[in-house]
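> I would like to see how this sequence folds:
(chains A, B and C)
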Amino acid sequence: MKFPEDCLYTRQHEWVRVLAEKETVLVGITDYAQKELGDVVFVELPKVGDTFDTNEPFGNVESVKAVSEVFCPLAGEVIEINPDLSNSPELVNSDPYGDAWFIKLKISSAEEIKDLLKPDEYAELVAEESAE
Amino acid sequence: MPIRKASSHMTQNEGLIFERTSPGRRGYDLPELDVPEPKLIEALGEENVRSEIEDFPEVSEVDVIRHFTRLSTWNHSIDAGMYPLGSCTMKYNPRINERVSGFEGFANSHPLMPESMVQGNLQVLKTMGDLLAEITGMDRVTFQPPAGASGELTGVMMIRACLASRGDARKKILIPDSAHGTNPASAAIAGYSVESLKSDTHGCINLDALDQAMTADVAALMLTNPNTLGIFEPNIIRITELVHSRGGLVYMDGANLNALMGLTRPGDFGIDVLHINLHKTFSTPHGGGGPGAGPVAVRRVLEPFLPVPTVEVDESGSYFLNYERPQSIGKVKAFYGNFGTVVRALCYVLANGAKGLTEASQVAILNANYIKHGLKGVYDLPYDEPVLHEVVFSSKMQAQHHVSVMDIAKRLMDYGFHPPTVAFPLIVPGALMIEPTESEGREELDLFIDAMKSIAEEAESNPELLRHSPYTTRVKRLDEVQAARHPILRWKQGLQT
Amino acid sequence: MRYIPNSAEDRQRMLAEMGLQSIEDLLVGIPRELRFRGDLNLPPPLSETKLLEKFREYEGRNSKGLVSFLGGGVNAHYIPTVIETLTSRAEFLTSYTPYQAEISQGTLQAIFEFQTFICQLTDMEVSNASMYDGSTALAEAMLMSARITQRHRFLLASTVHPEYRKVVGTCLSHQNLSVEPVEFEEGGTVDIVRVERVLGDDVAALAVQSPNFLGNLEPIRKLAALAHRRGALLIVNIAELLSLGIVNGPGAMGADIVCGEAQSLGIPQSFGGPHVGFLAAREKHVRNLPGRLVGQTVDSEGKRGFVLTLSTREQHIRREKATSNICTNQSLFALMATIYCSLLGRKGLREVALQNVAKTQYALAEVRKSGKVRVLFEGPRFNEFVLLLPQPFSQVASRFYDAGIIPGIDLGHYFPALSNALLVSVTETKSKADIDHFIQILRTL
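Numbering: from 1, shown residues only, chains lettered A, B, ... in the order given. Below you'll find the predicted structure:
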């Protein structure tokens, strides 16, 4: 199970990577999430320009037998969506933290970043959930 | 343990009908045209005239017979063996039903023929309506909904209309978390928000939870009884009384009616409206996925809202269609419903009589409990309560060996059985919902129990075997992931064979 | 009872094995006070012989043997014999929904072929595995358009089948959607001037039927252009699918969704049901399609096979967020249509359709020659037309019935403004003699 150090995490298994550009982050779902889902067959993404509140669902991920919502980790506006996911949803399984980023978000409040989980905190959460 | 039931059999290969095409072949013979050839451009308008459809096949009648006959041999069917599918009631489809529904006077009657010319059809509808009302303890039946899910929508819309007529429009519907997916889907289409009711430790509706949830904003409770675990709600009277006392109505999903015929009646335990699946309880054939029929039975309180027209009989004994129904919700299907299906179901009821239907429910219950007795201890039984016509096990014990419920299902095919319903109800992870129906004899049940025991042993001694099953079917496990990622939903020239 | 294998002896044996005395021991879950006392009040059971007699009795109360010119969405067409031969095979008739694909390949491949035929007929890219009927298919098409465009307003031509419009009204009423009718103009097609006027950027779709309920072909290309200019979709509903044997598919003319009824392709009229609906769309909209979908794939050994796919749209997974509540399709009847298309094939489908046009044109010519009765609407049509009678139909009906003819549908029942009008359908099943006889009665009016 991978927990890259350059990401922060949510309790709903999204990851956030703060980019060099001011108040811009990349968002995707974690290695644990993709394992739980199984083979991903489709990713539904929002449109560029859509805005979301913290924890508001912004899309969903489908496997053959299930659909899971994806929640926006920080309030903001979508400025880019990953063009590769529509043709290659399997990227979510093979490279969840890299090629399978979902959206680039311009966030409204940098303050909210401190509410996200650090890698070790997220790893603990995953350990708890796996034990259930 | 030797596999007793199945052996692989020769089935022939067959491509798509489009791949069979050969120019010049024909499968039809029309009478010669006895009127002048039409001037197409004049008749249809130039931009509308079509030449032959490219890629439509050209095959002979023999090609068609060969093609579809071969395809049919790739299917399992009730006539070949049991479908122990929980909630589906896959019982025998009596062939006399097919024969009578095929009578020319029924099959060739047009829905807009004058009523005086279709008295037989109207009598069939009225008679079957009366019989279903008696069986369910309700007051009136409509046959317009063409399927169970459509019946659910019809019932919920009638509830909505009823409450609106009282000036008491409400916004929510309560649905137990064990319910079939069509229940919340239907409620949503009828414009309601859905609140899920968590089942108690016995898999039944929790009275306290219901008490809390049943507010003045709840229009109805949608329940299944017996529930999807096969358990009869022990508190059903208190449940329906509670809902009624707070101004709501109770909808019952009638999918499990096969457990109740002649033993108890929904109308007698407080149900206001229910749908009935003719293709389940009343033996009409599934046909590979349809057609079905989902008639809806109501108490008097909901009668004014029935879809229009209703079938009535006047003082002289003549049947007629009544369109004078100002409070009707309207129509849920063109014309009167799946009439052909109703003819079949009526034949089934008339063949059985009261004794036959009661016997059907009793033996359905016996058969399910026989399986429960045979498999207890072999598979995990999440709710060890008295069950009626279906029983739910889980694959929990086998999961220790990393065998999933799907692996068990696929391996069962090698034993000649169609798998039970898997992964439903959602409240039981790894659920195996088994409903044999009364159509199975002791020997078939024993073969099924033996097969399931054998698979449980295989799960322990050779789990890898299960993970790649089935082996003896025409195709091996199919790649559903690829089908969903890169959907190919039709044939086209150049399609990979 | 012969449908129940376990005899009294079998049951005793099973109970004994379970350590029980009687079936009553298994009914403890049902509260005593709810147990039904006595027997249900149903007619006594009938043996096979008596059942056949009983249903002959029912059938006997229907009139038979009349020559019918009834159309209106349920069409009289020739049904090839082998359709029944093949669909009465146990493996098609008594099989279940193909959720377990490995033992349902027959059904799955047949539906894949159905989906292909529908695409070819309508000239569209994807089709689902069928719907209940034409009326519910139209309702679903409209719900689908709302999802795709995220708009809430619809324009529905009043020349769409009145029964279908009623179903749409009922099924869409709780979805915060508004459906506005658009009347027809004197040519008998949708008032295109009005369409242009009321089409706004808030319209999800314009829905028309072609041939429409009055028998007339609608100007699909023009309507598509109008709709698209405003970002709306064009839904074309087809109640007489056989017309596409000789009329261009709406897909080629710009339609976004084509839906309707496939009963014309080898399915008995059966007093209005069961029939089989269809729904076809552009590939980009596939995830918004309701109903079942069959897709091609491979098994673990690379062999081609078919499965139900894109199931995450459906009720058993999405529950209240599903694209529809639909569970059943009309599998057996979709199979009938598939067999029909296979038998008729490329040449036969066109030939049958052509015969429909021929007979209809002959009837029209003879009507005009008789000078008695006016043909309402001039314009392209397939196999139906409207006659204006000198009196309301109810006053002259018996003249036809006594002659053994059902001359058509009294349009006054559906359109108050057309109270003396009769909708007449002339299919390939009507001989020249039938048509001449009909004209003969017309002349006496």
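> do the lowest-mean-pLDDT helix or strand in chain B and chain A meet?
When the helices and strands of chain B are compared on mean pLDDT, DSSP states H and E, helix B:182-189 comes out lowest with a mean of 85. No - for helix B:182-189, no contact with chain A is found by CB under 8 Å from any CB of the partner chain; the gap never falls below 13.6 Å. C-beta coordinates here come from the backbone N, C-alpha and C atoms, glycine included.
> That helix packs against which elements?
For helix B:182-189, the contact count by 3 or more CB pairs under 8 Å, 6 or more residues apart in numbering or on different chains; DSSP states H and E identifies helix B:148-165, strand B:172-176, strand B:193-197, strand B:218-224, helix C:315-318 as packing neighbours.
> Does the fourth one reach chain C?
No - applying CB under 8 Å from any CB, one finds strand B:218-224 out of contact with chain C, separated by at least 11.6 Å.
> which other helices and strands contact whichever helix or strand comes after that strand?
Once strand B:218-224 ends, the next helix or strand along the chain (criterion: DSSP states H and E) is helix B:236-245. On a contact count with 3+ CB pairs under 8 Å, 6+ apart, helix B:236-245 meets helix B:207-213, strand B:218-224, strand B:249-253.
> in helix B:236-245, what's buried?
Under the neighbour-count criterion of 16 or more other CB atoms under 10 Å in any protein chain shown, helix B:236-245 has B:236, B:239, B:240, B:242, B:243 buried.
> residues of the helix ranked longest in chain A that come out buried?
Ranked by number of residues, the top helix in chain A under DSSP state H is helix A:119-131. For helix A:119-131, the neighbour count (16+ other CB under 10 Å) marks A:119, A:122, A:123, A:125, A:126 as buried.
> State which one residue of the stretch 101-250 of chain B is found closest to chain C.
Nearest residue of the stretch 101-250 of chain B to chain C (CB to the nearest CB) works out as residue B:191 at 3.0 Å.
> next SSE after the biggest helix by length in chain C?
For chain C, the longest helix by residue count, based on DSSP H, is helix C:331-370. Using DSSP H and E, the next helix or strand after helix C:331-370 towards the C-terminus is strand C:374-376.
> and that next one, what other elements does it pack with?
So strand C:374-376, by 3+ CB pairs under 8 Å, 6+ apart, packs with helix C:331-370, strand C:384-388.
> For the residue nearest the centre of chain A, give its distance to chain B.
Nearest residue to the geometric centre of chain A (CA atoms, centre = their mean): residue A:28, 2.5 Å. Using CB to the nearest CB, to the nearest Å, one obtains 18 Å as the distance from residue A:28 to chain B.
> Distance check, the residue of the stretch 51-200 of chain C found nearest chain A against residue A:47.
For the stretch 51-200 of chain C, the residue closest to chain A is residue C:150, as judged by CB to the nearest CB, at 10.7 Å. For residue C:150, the distance to residue A:47 equals 11 Å [CB to CB, to the nearest Å].
> do the same with residue A:98
According to CB to CB, residue A:98 and residue A:47 sit 23 Å apart.
> do the same with residue C:155
From residue C:155 to residue A:47 the distance is 26 Å (CB to CB).
> residues in contact with residue A:92?
The contact partners of residue A:92, by CB atoms under 8 Å, 6 or more residues apart in numbering or on different chains, come to A:28, A:29, A:34, A:37, A:40, A:43, A:61, A:85, A:100.
> quick one: is stretch B:339-354 near chain C?
Yes - for stretch B:339-354, a contact with chain C is found by CB under 8 Å from any CB, at B:339, B:340, B:341, B:343, B:347, B:349, B:350, B:351, B:352, B:353, B:354.
> check which helix or strand covers the fifth one.
Put plainly, it is residue B:347. Short version, using DSSP H and E: residue B:347 is in helix B:339-375.
> Tell me the buried residues in that helix?
Those buried within helix B:339-375 under the rule 16+ other CB under 10 Å are B:339-354, B:356-375.
> count of residues packed around the nearest residue to residue B:329 once chain neighbours are set aside?
With CB to CB, 6 or more residues apart in numbering or on different chains as the criterion, residue B:329 has its nearest non-adjacent residue at 4.8 Å, and that residue is residue B:157. By other CB atoms under 10 Å in any protein chain shown, 23 other residues sit near residue B:157.
> where does the chain have low pLDDT?
Since no chain was named, I'll use chain A. Within chain A, the ranges that satisfy pLDDT under 70 run A:132.
> nope, chain C please
C:314-328.
> Now with 80, please.
Applying pLDDT under 80 to chain C flags the ranges C:312-329.
> which phi and psi does residue B:298 have?
phi -130, psi 160 (degrees, to the nearest 10).
> so residue B:249 touches residue B:219, yeah?
Yes - when contacts are counted by CB atoms under 8 Å, residue B:249 is listed as touching residue B:219 (6.9 Å).
> intersection of neighbour lists for these two?
Common contacts of residue B:249 and residue B:219, defined by CB under 8 Å, 6+ apart, comprise B:159, B:163.
> Check what contacts the longest helix of chain A and list those residues.
Helix A:119-131 is touched from outside by A:1, A:3, A:4, A:5, A:7, A:8, A:9, A:11, A:30, A:32, A:117, with contacts defined as CB under 8 Å, 6+ apart.
> And for residue C:281, nearest residue in space, chain neighbours not counted?
Residue C:281's closest residue in space is residue C:257 (CB to CB, 6+ apart), at 5.0 Å.
> burial count for that neighbour?
By other CB under 10 Å, 30 other residues sit near residue C:257.
> how about it, what does it touch?
C:141, C:144, C:145, C:205, C:233, C:234, C:235, C:236, C:279, C:280, C:281, C:285.
> re the thing from before, how about the helices and strands packed on helix B:182-189 in TSV, adding distance to residue B:431?
Shown next, in TSV, are these (distance: least, CB to CB, whole Å):
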stretch	distance to residue B:431
helix B:148-165	20
strand B:172-176	15
strand B:193-197	17
strand B:218-224	15
helix C:315-318	13
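> Done for today, thanks.
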